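Visitor: predicted model follows, preceded by the sequence.
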Amino acid sequence: MKKTVFTIVVILLLIAFGVSAFMVGSYVLESKKQEQLRNELSNMVADTTQPTAESTVPADTTEATEATTEETDPPEPTMIPELAEVYEKNQDTVGWIKIEGTKMDNPVMQTPDDPNYYLKRDFNHNASDWGTVYAWSAADLNEPSDNITLFGHNMKDGSMFAALNAYTSKAAWEKNPLIFFNTLTEYHTYKIFAVFKVSANIGSFAYHQFVDAATEEEFNDFVSTCKALSFYDTGITPQYGDKLICLSTCEYTLDNGRLVVCAVRIT
């Protein structure tokens with residue numbers, strides 16, 4: 001009897017070990033696959049932190065400016081050259097987000113008709129626990145909205161939005177407070193003004209649902225709430241008319257927790 005029980009225990013342990021090894025192996029393989037995809041896309045955009053001279057400065061506009069006396073419609077915005085190839089591969093692409101010195105260097109997607117489409121899909125539409133960074137469906141990236149919330153997974157391999165974990169420390173903010181978030185047609189730099197954690201359960205602060213302020217008071221209330229919840233005071237208070245982004249990822253000390261990094265556009 002004892003031998004039978006021992007045999008069963010050994011078999012169960014071997015099965016558990018096999019399942020664990022399979023899961024770890026699958027995670028490592030998928031991590032490498034997603035890192036390769038990220039590197040491929042990142043290489044396409046080269047450096048999107050700032051515009052190149054060729055993409056922003058006309059060859060010679062002096063004569064045209066002097067000769068034009070009548071009002072004309074503003075020119076249609078043109079796509080940032082660095083993002084053209086990425087957009088060609090997937091037209092759900094609406095921008096690119098990057099934090100220097102981290103693995104956060106990703107395309108940003110948006111699918112208004114299926115808001116969470118990229119929650120469990122990669123850039124190539126394949127099923128993946130890594131997902132793809134995506135924008136809240138109600139936000140307008142081109143107008144733009146007063147606040148644009150971006151979602152990304154908190155991956156153990158440091159990819160996607162895992163880099164946000166460091167910003168619970170003020171030292172990390174002091175060292176690296178800038179976020180580069182470009183739309184398809186404009187280069188922009190943001191500076192972090194608040195970092196907080198909150199539950200995503202009903203009744204909690206629904207930061208992602210703040211898109212456009214109906215009044216100055218509503219805008220100020222949103223900013224005040226973000227700053228009141230923040231782990232530390234950055235000394236930065238966005239003013240009505242400023243444009244904001246909130247980066248949202250999972251947080252594991254709260255029930256259904258979220259870690260949120262809020263930033264204000266400075267260029």
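Guide: Now that the structure is in, tell me what you want to look at. Residues are numbered from 1 along each chain as shown.

Visitor: what sits against Ala263?
Guide: Ile179, Tyr190, Lys191, Ile192, Phe193, Leu244, Ile245, Cys246, Leu247 (C-beta atoms under 8 Å, 6 or more residues apart in numbering). All C-beta spots, glycine's among them, are computed from the backbone N, C-alpha and C.

Visitor: give me that answer again for 6 Å
Guide: Ile179, Tyr190, Lys191, Ile192, Ile245 (C-beta atoms under 6 Å, 6 or more residues apart in numbering).

Visitor: the last one and Lys120, how far apart?
Guide: Noted for Ile245: a distance of 23 Å to Lys120, by C-beta to C-beta, to the nearest Å.

Visitor: same check, this time on the third one
Guide: Computed as C-beta to C-beta, the Lys191 to Lys120 distance reads 31 Å.

Visitor: ok, now how distant is Ser248 from Val86?
Guide: Counting by C-beta to C-beta, the gap from Ser248 to Val86 is 22 Å.

Visitor: neighbours of Glu143, just the number please.
Guide: 10 (other C-beta atoms under 10 Å).

Visitor: now, which of the contacts of Ala263 lie within strands?
Guide: Ile179, Tyr190, Lys191, Ile192, Ile245 (DSSP state E).

Visitor: now the strands for the chain?
Guide: Under DSSP E, the chain gives strands at 93-98, 105-109, 134-135, 147-151, 178-183, 189-199, 244-251, 257-265.

Visitor: got JSON lines for the ones you listed, with mean pLDDT too?
Guide: Listed next are these as JSON lines, based on pLDDT from 0 to 100:
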{"stretch": "strand 93-98", "mean pLDDT": "96"}
{"stretch": "strand 105-109", "mean pLDDT": "96"}
{"stretch": "strand 134-135", "mean pLDDT": "98"}
{"stretch": "strand 147-151", "mean pLDDT": "98"}
{"stretch": "strand 178-183", "mean pLDDT": "97"}
{"stretch": "strand 189-199", "mean pLDDT": "98"}
{"stretch": "strand 244-251", "mean pLDDT": "98"}
{"stretch": "strand 257-265", "mean pLDDT": "98"}
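
Visitor: out of those strands, flag the one nearest Ser224.
Guide: strand 189-199 (9.9 Å; C-beta to C-beta).

Visitor: just want the most central residue of the chain.
Guide: Leu150 (4.6 Å; C-alpha atoms, centre = their mean).

Visitor: OK, contacts around that residue?
Guide: Contacts of Leu150 (C-beta under 6 Å, 6+ apart): Val133, Ala135, Leu247.

Visitor: Ile97: which of these is nearest?
Guide: Val133 (6.1 Å).

Visitor: and for that closest one, the neighbour number?
Guide: Neighbours around Val133, by other C-beta under 10 Å: 22.

Visitor: go ahead and confirm it touches Val108.
Guide: Yes. Using C-beta atoms under 6 Å, Val133 makes contact with Val108 at a distance of 5.1 Å.
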